[in-house]
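Novice: 3D, please:
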Amino acid sequence: MSNEVKTLYVTDGEDGVRVDKFFKRRWPHINHIQLNKLLRSGQVRVDGGRVKADTRLSTGSTVRVPPLPAAPSEDQQKRERAILSPHEVKYAKSLVLYEDEDVIAINKPAGLAVQGGTKTKNHVDRLLSAWGEGLERPRLVHRLDRDTSGVLLLGKTPNAAARLAGAFARRKAHKTYWALVAGNPKPEEGYIDTPLIKKGFNDREIVMPADIKEQGAEAAETEYVTISRAGPRVSWMALRPHTGRTHQLRAHMKAIGHSILGDPKYADEKSGELSVGLGLQLHHRRIELPHPTHGTLIVEAPLDPVIEAGFARFGFTPDEAETDPFAKSGKKRSR
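Specialist: Okay, the predicted model is just below:
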């Protein structure tokens, strides 16, 4: 453990980044439990004041960093991750949709977790060793649920990762998800502004609508557009989250009475009947955001076999959708 207390300054590329993400980038070996303990005891401070894990940082702010446990050696890290086999390296590289000197975009398959846990040994974070270790190792800048497929961005350098994460924090990343939902939402396009709160613990955790004044509730906003319908039973939706809450899209669609098909956690009777034999019908189709060093980065992910099965069952084809279904949409708010 380092016995030194440090004071760090928030850079331009980190403006708007959450405190927990700020720590995760610099000390990836510090887990959530360790960090939350430091935050609750007031050992981590921003501009002299106590903060929470989800506090957003501002350029120029000072962050007090208390003594932290030492990072495991590179040998230890390799043993923990286990050295990737040639087959695993090939598999990791096969997921790449786009790569340049700053960014890697992969098409994350449904069923593959982004990060590991007690019961999760195979995950995207482990596969990043395919590009090397240390500074060669790409960095995660956002997450997708285990069963959600689609575009996942990685920063190839610390600076690129910070700039990408900053774009997410400042809502400069325009994400388009495709989802198959039960029924036909009315109106056909709209804006869900329903705060959410986590209930339960660990694997049993679920996200539910809440009053914004309730302790632990977070503002959550989702824009939606209907792309196509399979009669009154199923709709193919484009969903755009304007906030990044856990299970936001899944909880919001359930909240308006149109659960995403294949979702055991947020199903209702109607979606359950339509979901037999299907996995989660949610796919991160497209992302558009400022490139870390130049211009605009736009990446699209082809359908994963899991959602492809849903498309085939209900007669949808990807070419029915416009490139950006939200280009002409008006924000009709629903609560």
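
Novice: surely N36 touches A53?
Specialist: Yes - if you go by CB atoms under 8 Å, N36 and A53 touch, sitting 6.3 Å apart. No exception for glycine: its C-beta is placed from N, CA and C like everyone else's.

Novice: who is the closest residue to K265 other than its chain neighbours paired with across the strands?
Specialist: Nearest residue to K265, sequence neighbours excluded (CB to CB, 6 or more residues apart in numbering): I206, at 6.2 Å. Beta-bridge pairing for I206 (DSSP bridges): K199.

Novice: show me what contacts I206?
Specialist: Neighbouring residues of I206 by CB atoms under 8 Å, 6 or more residues apart in numbering: 198-200, 247, 251, 265-266.

Novice: what do you get if the cut-off is 7 Å, keeping everything else the same?
Specialist: 199-200, 265 (CB atoms under 7 Å, 6 or more residues apart in numbering).

Novice: in JSON lines: those, plus distance to R139.
Specialist: What follows is these, written out as JSON lines (distance: CB to CB, whole Å):
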{"residue": "K199", "distance to R139": "31"}
{"residue": "G200", "distance to R139": "30"}
{"residue": "K265", "distance to R139": "28"}
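
Novice: TSV for these, including neighbour count?
Specialist: Below are the contacts of I206 laid out as TSV (neighbours: other CB atoms under 10 Å):
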residue	neighbour count
K199	12
G200	10
K265	17
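
Novice: so which bits of stretch 308-323 are buried?
Specialist: 308-311, 313-314, 316, 321 (16 or more other CB atoms under 10 Å).

Novice: err, stretch 29-40, not the other one
Specialist: Neighbour-count burial for stretch 29-40 [16+ other CB under 10 Å]: 30, 35, 38-39.

Novice: go through the residues you listed and flag which are in helices.
Specialist: 35, 38-39 (DSSP state H).

Novice: quick check, nearest of those residues to G49?
Specialist: Comparing these against G49 with CB to CB places L39 closest, at 11.7 Å.

Novice: now G49, which residues is it bridged with?
Specialist: Beta bridges link G49 to V46 when assigned by DSSP bridges.

Novice: and the pLDDT at it?
Specialist: Note on G49: pLDDT of 93.

Novice: what does D203 give?
Specialist: At D203, the model reports a pLDDT of 58.

Novice: for this protein, what spans make up the helices?
Specialist: Taking DSSP H as the criterion, the chain contains helices spanning 19-26, 32-40, 74-81, 86-94, 124-127, 158-169, 248-255, 269-274, 305-314.

Novice: and those helices, which is most packed in?
Specialist: Comparing those by mean neighbour count (mean count of other CB atoms under 10 Å), helix 248-255 ranks first with a mean of 24.

Novice: chain center to that one, what's the gap?
Specialist: 15 Å (CA atoms, centre = their mean, to the nearest Å).

Novice: could I get that helix in PDB with only the CA atoms?
Specialist: The C-alpha coordinates for helix 248-255 follow below in PDB (Å, rounded to 0.1, in the frame of the first residue of the first chain):
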ATOM      1  CA  GLN A 248     -32.500   1.900 -18.200                       C
ATOM      2  CA  LEU A 249     -34.000   0.800 -21.500                       C
ATOM      3  CA  ARG A 250     -35.300  -2.400 -20.100                       C
ATOM      4  CA  ALA A 251     -36.900  -0.700 -17.100                       C
ATOM      5  CA  HIS A 252     -38.400   2.200 -19.100                       C
ATOM      6  CA  MET A 253     -40.000  -0.100 -21.700                       C
ATOM      7  CA  LYS A 254     -41.600  -2.100 -18.900                       C
ATOM      8  CA  ALA A 255     -42.700   1.100 -17.200                       C
END
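
Novice: ok, and what's touching it?
Specialist: 177, 179, 181, 192, 194, 196, 207-209, 220, 222, 239, 241, 259-260, 263, 265-266, 268, 282.

Novice: just checking, which of those belong to strands?
Specialist: Within those, residues falling in strands by DSSP state E are 177, 179, 181, 192, 196, 207-209, 222, 239, 241, 282.

Novice: neighbour-wise, which of these leads?
Specialist: In terms of neighbours by other CB atoms under 10 Å, the ones in strands among the contacts of helix 248-255 top out with L282 at 31 neighbours.

Novice: I am finished for the moment; much appreciated.
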